[in-house]
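Enquirer: need a structure here:
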Amino acid sequence: MLRSDRVLHSRTANLVILTFLAIAIVDIATGLEHWPFGSYPMYSLLYGKDLAYLRLYGLRDGEIELRRDADFAPFDQPRLTMALSRIRSSDPSGRSLKQALAGLLDLYNRQHPTPLLGIRLYEVNLTLKPDSPGSRNRQTRVLIAEAGSHP
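Expert: Sure thing, here's the model as predicted:
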């Protein structure tokens, strides 16, 4: 009786381990993340001296940077910029990106008392200079797409 219990526990433990491994392998292969099985891409990149990322700016009297999660609730900033990056790479014509920006502009204006006149998506390029004393990081912006009217 004792031996059969050990065998049952051993088989159950092996089945649980194999299930965890199978889910982790599927997540890694498909690029999905199902915690705790994911590949943790946040920590999988090593950045060099140059860094490029997407940033949204709203248009009123001038440009205002839109970085808060409350700006486009329920969307959070990291997933929103990742989605915009995917749209940008999947549609070279830029039509889908302009439609997405128009939707974000509408979402923002429905949630905030002071509406935006337009919205712009920039690619921000940052050159890091951590070893140069007294020097500042160099930042440039390139306009990718925009939606709405212009002030």
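
Enquirer: Sketch out the low-pLDDT regions of this protein for me.
Expert: 1-2, 35-47, 130-137, 150-151 (pLDDT under 70).

Enquirer: Which helix in it has the most residues?
Expert: In the chain, taking DSSP state H as the definition, the longest helix is helix 2-30.

Enquirer: any chance you could map the helices in the protein?
Expert: Going by DSSP H, the chain shows helices at 2-30, 77-90, 95-111.

Enquirer: Number of residues surrounding residue 26?
Expert: Residues contacting residue 26 under the criterion other C-beta atoms under 10 Å number 12. Bear in mind the C-beta positions are built from the backbone N, C-alpha and C, glycine included.

Enquirer: so who does it touch?
Expert: residue 32 (C-beta atoms under 8 Å, 6 or more residues apart in numbering).

Enquirer: next one: the one 3 residues further on
Expert: Applying C-beta under 8 Å, 6+ apart, we find residue 29 in contact with no residue.

Enquirer: Can you lay out the helices of the chain as a markdown table showing distance to residue 128?
Expert: As requested, these are exported to a markdown table (distance: least, C-beta to C-beta, whole Å):
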| stretch | distance to residue 128 |
| --- | --- |
| helix 2-30 | 29 |
| helix 77-90 | 19 |
| helix 95-111 | 27 |
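
Enquirer: check contacts around residue 69.
Expert: Contacts of residue 69 (C-beta under 8 Å, 6+ apart): 75-77.

Enquirer: Could you rerun that using 10 Å?
Expert: With contact taken as C-beta atoms under 10 Å, 6 or more residues apart in numbering, residue 69 is in contact with 75-80.

Enquirer: Do I have it right that residue 129 meets residue 49?
Expert: Yes - counting by C-beta atoms under 10 Å, residue 129 touches residue 49, with 7.6 Å between them.

Enquirer: coming back round to it: packed most tightly, which of the helices of the chain would that be?
Expert: Ranked by mean neighbour count under mean count of other C-beta atoms under 10 Å, the helices of the chain are led by helix 95-111, which reaches a mean of 17.

Enquirer: how far off helix 77-90 does that helix point, in degrees?
Expert: Per axes from the mean of the first three to the mean of the last three C-alpha atoms, to 10 degrees, the angle that helix 95-111 makes with helix 77-90 is 150 degrees.

Enquirer: Which neighbouring elements make contact with helix 95-111?
Expert: Here helix 95-111 touches strand 50-59, helix 77-90, strand 118-127, strand 138-148, going by 3 or more C-beta pairs under 10 Å, 6 or more residues apart in numbering; DSSP states H and E.
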